[in-house]
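Q: any chance you can model this:
(6 chains)
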4 protein chains.
Amino acid sequence: MPTPTFFRLPDEKRERFVDEAINEFADRSYAEASLSQIVKRVGIAKGSVYQYFADKLDLYRWLLIEEVPRRRREFVGVIDDADTDFWAALETQIERGMAFLVEHPKLARITAAAADPTAHEEVRGLHRAVCQAGEAELERSLERGIRRGAISKDVDPKIAVHFVTAITGPGLTNVVLQELGADLHEILASDELRRKLDPRRRRRLAKQALLLIQRGLGA
Amino acid sequence: MPTPTFFRLPDEKRERFVDEAINEFADRSYAEASLSQIVKRVGIAKGSVYQYFADKLDLYRWLLIEEVPRRRREFVGVIDDADTDFWAALETQIERGMAFLVEHPKLARITAAAADPTAHEEVRGLHRAVCQAGEAELERSLERGIRRGAISKDVDPKIAVHFVTAITGPGLTNVVLQELGADLHEILASDELRRKLDPRRRRRLAKQALLLIQRGLGA
Amino acid sequence: MPTPTFFRLPDEKRERFVDEAINEFADRSYAEASLSQIVKRVGIAKGSVYQYFADKLDLYRWLLIEEVPRRRREFVGVIDDADTDFWAALETQIERGMAFLVEHPKLARITAAAADPTAHEEVRGLHRAVCQAGEAELERSLERGIRRGAISKDVDPKIAVHFVTAITGPGLTNVVLQELGADLHEILASDELRRKLDPRRRRRLAKQALLLIQRGLGA
Amino acid sequence: MPTPTFFRLPDEKRERFVDEAINEFADRSYAEASLSQIVKRVGIAKGSVYQYFADKLDLYRWLLIEEVPRRRREFVGVIDDADTDFWAALETQIERGMAFLVEHPKLARITAAAADPTAHEEVRGLHRAVCQAGEAELERSLERGIRRGAISKDVDPKIAVHFVTAITGPGLTNVVLQELGADLHEILASDELRRKLDPRRRRRLAKQALLLIQRGLGA
DNA sequence: TATGAATGAGTTTTCATTCAT
DNA sequence: AATGAATGAAAACTCATTCAT
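A: Numbering: from 1, shown residues only, chains lettered A, B, ... in the order given. Presented below is the predicted three-dimensional model:
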């Protein structure tokens, strides 16, 4: 976790640092990402990184577990299905997830990298933690859906959670990428690409995902 | 692609080399995988690798695009849905895919790593190629399914292909991992774990996946 | 040498600083000793060190040449052989030296490190100065011993001084360490070890050293 | 311990490497000694060191435990006191030890550094091993001396060994250094200094050491 | 064809020291 | 006086790749 020094930094400087760190870890795998690159781009001394974080892993951990999820929550908002229809909540979630993917592809990419099964022992541990947090939440949602009769009783939430996650995660991501005819890396470089996927089109794609899940699981 | 020299190698030696290369690339990401490790375990000189392959990437490319898919096809077999029921063919495919995952986790892991969005520029290109090959085939299957009336007419095969791939790929993988209470790395080390997931239990999981897809897409 | 600021410090704070500095330089060689460690343990800012001393070497010099000898003198006292028997004075000195070693192993260690011939150019200079001071004093003692007939006339005090120093310095230290079955680092950590070498046993060891010197040099 | 590669090196190259490594570790403490310096002086690539040794510690260990003792044995020879008079053997040993000190001050310095009590945890372990080996041998010698009547029966060889070691080690070293009016580092640089201590003078100094020990311990 | 020694660019990390506040 | 952020040189170590034998 970051040092107090890091939080005491002038906002502008801290943000520049975080942005470049996100750039680096979105571009390259943990092993390939290089602190040297980050400091070069931020324009600070190598040693400064170690004033802010204990080491490379510490920086990555904070990004992956704290900062990226925080930014995601900020963008996506909290979708509470406690008071609303399960399917309506899911639809909102899918739509906002797609918007996040398109508007913040770098952040999306860092999270997506957490699925890589070949990775540093230590990094894998972080990845598992990240995934499990999201899955636990969805599982509770599914259970609620079953209780309320939205989801069929013969669905096992412990299993279905992985299918729904797969559809709304890598599934939707790949749909988007195909629509754009590009990979995540290219999207970063091009505002034009991002505009290609206007909200109307996004809604159409979201509907398809929702339909599959709804028919697949619905009561 | 391998040099003629590589194919002229005594079978036993070539196989030992390939096995250790698979071990290494299944354990570590492309960036972390080390040729030094491979040659040490095979017991050949470092220079020899460059008699067989142009460089590290060339070796990885061949494994990812030729050798691992070849081994997968050998294990899974070709499931031709031209003559059979679409859903029956899919069910078979899912079941065999799960069996492959459990029996050959190393190979599965190399393929799964291809989903990592943060990776060498060049490696990413390979990954995309691998994915697109599989998706093209599935897309044709889906189109056939629609024509024959197995799949609803309002399904867009270009989009659905990603959802189905997500479910049968990362979705099922994660289901399996959760069932085993372990990650892919641990499965490798433990025959016991592998036995935990006997065919009957596998079939039950496959059914759940199939049901979701079938209800979701079915006419 | 310390700045006026250093001496103006509240006693409690200055003492805490000195104690931790001694801890650090007793644990690690000059090169390995780290100002960062010291300030962290004292709980002051890094920059403060430079308000008290010119630099790392300046701090070390003061400890080695002023503070540690001062503490040693305080513990050992001044043994004046001007009025007493040469051998009785030496015996006292040896006994007190051993007591110092056992009761203040950290201080002893800092002095002992001064014997290391591989060290910073500048540090070596300090070491030589420290050694020569002690040797000059002993040499005068030896000369007095010769004049009074306690020591044989054919002893060259300029040479003998090094042998006596060796016996009472590293010689006795190693005897003590062997008796304790430990190295200096372990002694620090263990009060129990220190108690193992009670005064009676210490006297026995001292006698052996004295006997060797007395028979070896005595008239 | 060195790799096979190291031993396969052309003699000239290997010797140049070892010589420079000895230079470095004789000049600076383990912590300060730098592989970068060594390779710069030898004129090879940094990576080459790691073809020869596992790491810095591995190189130091080999020098300290194998190579320097080997060179010392080669120079000093084996002095067997089994067949000769104990005192004559000791005298020879002292004389040759002094010659070694003067002729190979670098090697002597590396050994002497082993007495430094403030040092890397790992390095301290090596040092202790080196010291204990020498002491064990001398202890056996002393016991033989007692049995044969050369040494007084009331001498405890376990204790005396440290005093004798101190005299013939740091004691004699300091005598020599004082005679030369220099420290070990200056001796290295100056052939003239080395010549100042001709064999006749060396013998005189050795006699003084022997006399002290002989009178001190002799029956 | 096989070998394996040599390379050197690149990595993460440490730390004494400076200096604006 | 005290602070503590910034610095950057230097360290140990890794590894794909080359090339003479």
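
Q: how about the helices in chain A?
A: Taking DSSP state H as the criterion, chain A carries its helices at A:4-8, A:11-27, A:35-42, A:46-52, A:56-62, A:68-76, A:86-103, A:105-113, A:121-147, A:157-166, A:172-180, A:184-189, A:191-196, A:199-217.

Q: and the last one, what's buried?
A: When you say that, I think you mean helix A:199-217. A:202, A:205-206, A:208-217 (16 or more other CB atoms under 10 Å in any protein chain shown). Bear in mind the C-beta positions are built from the backbone N, C-alpha and C, glycine included.

Q: per-domain residue ranges of chain A.
A: Domain ranges of chain A: A:4-64, A:78-217, per automatic domain parsing.

Q: between the ones you listed, which one is nearest to C:Gly97?
A: Closest approach to C:Gly97 among the domains of chain A is made by domain A:4-64 (43.7 Å; CB to CB).

Q: per-residue confidence averaged over the closest one?
A: The pLDDT scores in domain A:4-64 average 97.

Q: still on that earlier bit, mean pLDDT lowest where, among the helices of chain A?
A: Minimum mean pLDDT among the helices of chain A: helix A:184-189, a mean of 69.

Q: for the closest residue to A:Gln51 other than its chain neighbours, grab the count of nearby residues.
A: Using CB to CB, 6 or more residues apart in numbering or on different chains and skipping the chain neighbours, the partner closest in space to A:Gln51 is A:Thr5 (5.0 Å). A:Thr5 is flanked by 11 other residues according to other CB atoms under 10 Å in any protein chain shown.

Q: do the same with A:Ala82
A: 8.

Q: and it, what is it in contact with?
A: A:Arg144 (CB atoms under 8 Å, 6 or more residues apart in numbering or on different chains).

Q: please apply the same query to A:Asp81.
A: Per CB under 8 Å, 6+ apart, neighbours of A:Asp81: A:89-90, A:141, A:144-145.

Q: okay, among those, which ones form the most distant pair?
A: Maximum distance among the contacts of A:Asp81 (CB to CB): 11.5 Å, for A:Leu90 and A:Arg144.

Q: quick one: which of the two has more around it?
A: More crowded of A:Leu90 and A:Arg144, by other CB under 10 Å: A:Leu90, with 26 against 16.

Q: quick check: closest non-adjacent residue to the more buried one.
A: The nearest residue in space to A:Leu90 (CB to CB, 6+ apart) is A:Leu210, at 6.3 Å.

Q: what separation is there between that neighbour and A:Leu57?
A: To A:Leu57, A:Leu210 is 38 Å away according to CB to CB, to the nearest Å.

Q: tabulate the buried residues of helix A:199-217 (JSON lines), appending distance to DNA strand E.
A: What follows is these, written out as JSON lines (distance: CB to the nearest atom of the strand, whole Å):
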{"residue": "A:Arg202", "distance to DNA strand E": "36"}
{"residue": "A:Leu205", "distance to DNA strand E": "37"}
{"residue": "A:Ala206", "distance to DNA strand E": "38"}
{"residue": "A:Gln208", "distance to DNA strand E": "41"}
{"residue": "A:Ala209", "distance to DNA strand E": "37"}
{"residue": "A:Leu210", "distance to DNA strand E": "41"}
{"residue": "A:Leu211", "distance to DNA strand E": "44"}
{"residue": "A:Leu212", "distance to DNA strand E": "41"}
{"residue": "A:Ile213", "distance to DNA strand E": "40"}
{"residue": "A:Gln214", "distance to DNA strand E": "45"}
{"residue": "A:Arg215", "distance to DNA strand E": "47"}
{"residue": "A:Gly216", "distance to DNA strand E": "43"}
{"residue": "A:Leu217", "distance to DNA strand E": "43"}
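
Q: now the domains of chain A as TSV including distance to D:Thr118?
A: Formatted as TSV, the domains of chain A follow (distance: least, CB to CB, whole Å):
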stretch	distance to D:Thr118
domain A:4-64	26
domain A:78-217	33
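
Q: enumerate the residues of chain A near DNA strand E.
A: With CB under 7 Å from any atom of the strand as the criterion, chain A comes near DNA strand E at residues A:33-37, A:46-47, A:49-50, A:55-57.
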